[in-house]
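In: coordinates only, sequence not included:
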């Protein structure tokens with residue numbers, strides 16, 4: 001059981017926050033049980049923090065879920081359902097998470113992708129940034145932008161933002177955009193070591209195109225990568241399958257053969273390991289500067305990612321692999337016992353959690369809840385569910401079930417998965433009479449929290 005140090009022993013200086021965001025990262029991490037991927041630095045962070053095993057994105061697409069986390073409100077409140085809408089169009093006066101820290105004397109800084117940036121198109125630009133959130137911003141641009149013409153793209157007519165594409169890059173880590181994210185974040189840590197800071201470091205990989213120096217590809221011989229199993233989609237509503245126009249005629253694996261599937265997974269894992277190495281640089285610098293003893297580290301991804309599960313790729317899905325995200329919160333050494341919790345939580349909960357941990361007044365508008373109780377007692381009763389949505393579907397995830405409706409009132413299909421017996425969501429039970437009571441109960445909860453429109 002985790003335990004916090006007594007409040008009276010809190011340091012006289014407010015705790016720093018190192019806020020690490022990763023783009024398009026599924027729970028393909030050693031800390032989450034993946035036996036293949038190599039993520040030693042994230043795994044080390046997990047060993048000294050609280051690992052939330054069942055954390056969920058509110059909208060498995062970059063802009064909507066980032067707007068939700070950073071405002072502490074649901075997509076129906078932000079009005080953000082796409083990649084182009086800014087949350088201040090509907091919430092002009094909202095106080096964002098970094099803005100709260102800024103308003104209370106912190107130096108708030110951003111390096112890389114925190115609010116939405118189109119990848120790779122908007123690398124090096126401010127994207128949909130939010131100026132009131134920050135005192136200082138950095139928009140890094142690395143050689144990966146110049147090398148885009150060298151990528152292998154399995155579907156050339158797809159833009160690189162969604163293309164199944166990769167590059168075994170030449171050059172050093174520090175030449176890549178994510179290498180610049182780490183370098184500039186380290187520079188900001190050094191420059192602000194004597195004052196409270198909220199430093200947000202947003203990494204662009206493993207978002208496609210999967211670009212990483214060649215040495216990270218060498219970690220994963222192609223023959224070591226298993227191809228995904230062929231699923232039975234006969235009971236899965238068509239609406240549940242996110243299919244870009246280029247693959248509409250290929251709902252299973254987007255038409256890729258087994259070698260191509262393994263190439264894509266290998267490239268994704270290489271990008272994950274490259275990103276992990278950059279996070280290692282940040283965590284090492286915290287130690288070198290003596291800042292680890294007074295810094296809260298938060299690690300999260302905006303949504304999960306499908307790597308052939310259910311015959312699908314990427315995001316914008318409400319399957320577990322797309323909606324579930326890695327989330328780790330590590331307090332300074334000695335302030336809490338490391339651990340893991342299986343309780344269901346939401347990215348929406350990050351804002352109130354950080355506000356409480358830093359002893360800042362949380363805005364009354366927040367729609368999530370602080371996770372500090374779970375950090376104190378990971379096994380406590382936690383009767384809450386997670387709610388995720390995409391344009392035409394909404395889902396509720398409890399500890400035992402996932403229930404999803406597509407279209408208004410499920411007109412385009414309904415799914416029910418028993419996570420105690422079927423954690424990979426292979427058997428849709430929604431039409432089984434024996435589960436009608438479960439469906440009815442979850443439907444009421446789903447509509448009460450996020451009414452289908």
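Out: Right, received. Where do you want to start? These numbers were taken from a predicted model, which means no experiment stands behind them.

In: and residue 111, what does it touch?
Out: 137-138, 140, 181, 184-185, 188, 199-202 (C-beta atoms under 8 Å, 6 or more residues apart in numbering). (C-beta placed from N, C-alpha, C; glycine too.)

In: can you check residue 396 too?
Out: By C-beta under 8 Å, 6+ apart, the neighbours of residue 396 are 385-387, 402-404, 442, 445-446, 449.

In: Return the member of the contacts of residue 111 nearest to residue 23.
Out: Nearest to residue 23 out of the contacts of residue 111 is residue 202 (C-beta to C-beta; 7.4 Å).

In: now the closest one: how far from residue 352?
Out: Residue 202 sits 21 Å away from residue 352, going by C-beta to C-beta, to the nearest Å.

In: Which one of these two is surrounded by more residues?
Out: Comparing residue 202 with residue 352 by other C-beta atoms under 10 Å, the one with more neighbours is residue 202, at 23 against 20.

In: so that one sits right up against residue 25, yeah?
Out: No: Residue 202 is beyond contact range of residue 25, at 11.8 Å (criterion: C-beta atoms under 8 Å).

In: Could you look up the SS state of residue 186?
Out: helix (DSSP: H, G, I helix; E, B strand; the rest coil).

In: Who's the closest spatial neighbour of it, skipping the chain neighbours?
Out: Excluding the flanking residues, the one nearest residue 186 by C-beta to C-beta, 6 or more residues apart in numbering is residue 285, at 4.7 Å.

In: Are we agreed that that neighbour is in a helix?
Out: Yes: under three-state DSSP, residue 285 falls within a helix.

In: burial measure for it, as a count.
Out: Other residues close to residue 285 by other C-beta under 10 Å number 19.

In: ok, so what distance separates it from residue 215?
Out: Using C-beta to C-beta, residue 285 is found at 22 Å from residue 215.

In: dump the residue contacts of the residue sitting nearest the centre point of the chain.
Out: Closest residue to the average C-alpha location of the chain: residue 301 at 1.7 Å, with C-alpha atoms, centre = their mean. With contact set as C-beta under 8 Å, 6+ apart, residue 301 has these partners: 21-26, 325-326.

In: tell me the strands in the stretch 151-300 of the chain, going along the chain?
Out: 152-153, 165-169, 197-203, 210-213, 295-301 (DSSP state E, counting those that start in this stretch).

In: will you turn those strands into TSV that also has distance to residue 224 and mean pLDDT?
Out: Shown next, in TSV, are these (distance: least, C-beta to C-beta, whole Å; pLDDT from 0 to 100):
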stretch	distance to residue 224	mean pLDDT
strand 152-153	19	98
strand 165-169	16	98
strand 197-203	25	98
strand 210-213	17	98
strand 295-301	24	98
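
In: about what we covered before: closest to residue 422 among the contacts of residue 111?
Out: residue 202 (34.7 Å).

In: so how far is residue 129 from that closest one?
Out: From residue 202 to residue 129 the distance is 10 Å (C-beta to C-beta).

In: hey, what's in contact with both of the two?
Out: 110, 114.
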